[in-house]
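Visitor: fold the following.
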Amino acid sequence: MSPVTATSPALIGGQSTVTQPDGKFLFPALPTGQYKLLFELSGFQKLTRENINVALGQTISVDAQLPLGVADRERHRDRRVAGRST
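Guide: Numbering: from 1, shown residues only. The predicted structure follows:
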């Protein structure tokens, strides 16, 4: 489960939620407005999606695939190199 934070001039502060095991997430009753979503998960780079327009009662989909973090990418590369035979 990954934290997701929504920010907007329509909100005072931000709202946070977490993804479900299938990756879906829900922000109940967001006011109409334009939003920025921040996706975070340990071991991965943060990902931001901006200019998301939401109307009251609307359901929308936002795709977000987080890239591996730098340290994890290097660790993954080191494992591949260590596994090669010469």
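
Visitor: please enumerate the strands of the chain.
Guide: With DSSP state E, the ranges of strands along the chain come out as 3-7, 14-18, 33-39, 47-54.

Visitor: number of nearby residues for residue 30?
Guide: Around residue 30 there are 19 other residues, counting by other C-beta atoms under 10 Å. The C-beta positions use only the backbone N, C-alpha and C, and glycine is treated the same way.

Visitor: shouldn't it be in contact with residue 6?
Guide: Yes. With contact defined as C-beta atoms under 8 Å, residue 30 reaches residue 6; the gap is 6.6 Å.

Visitor: give the residues shared as contacts by those two.
Guide: Here residue 30 and residue 6 have residue 15 as joint contacts, going by C-beta atoms under 8 Å, 6 or more residues apart in numbering.

Visitor: need the strands of the chain in JSON lines (columns: mean pLDDT).
Guide: Formatted as JSON lines, these follow (pLDDT from 0 to 100):
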{"stretch": "strand 3-7", "mean pLDDT": "94"}
{"stretch": "strand 14-18", "mean pLDDT": "93"}
{"stretch": "strand 33-39", "mean pLDDT": "95"}
{"stretch": "strand 47-54", "mean pLDDT": "94"}
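
Visitor: good, wrapping up.
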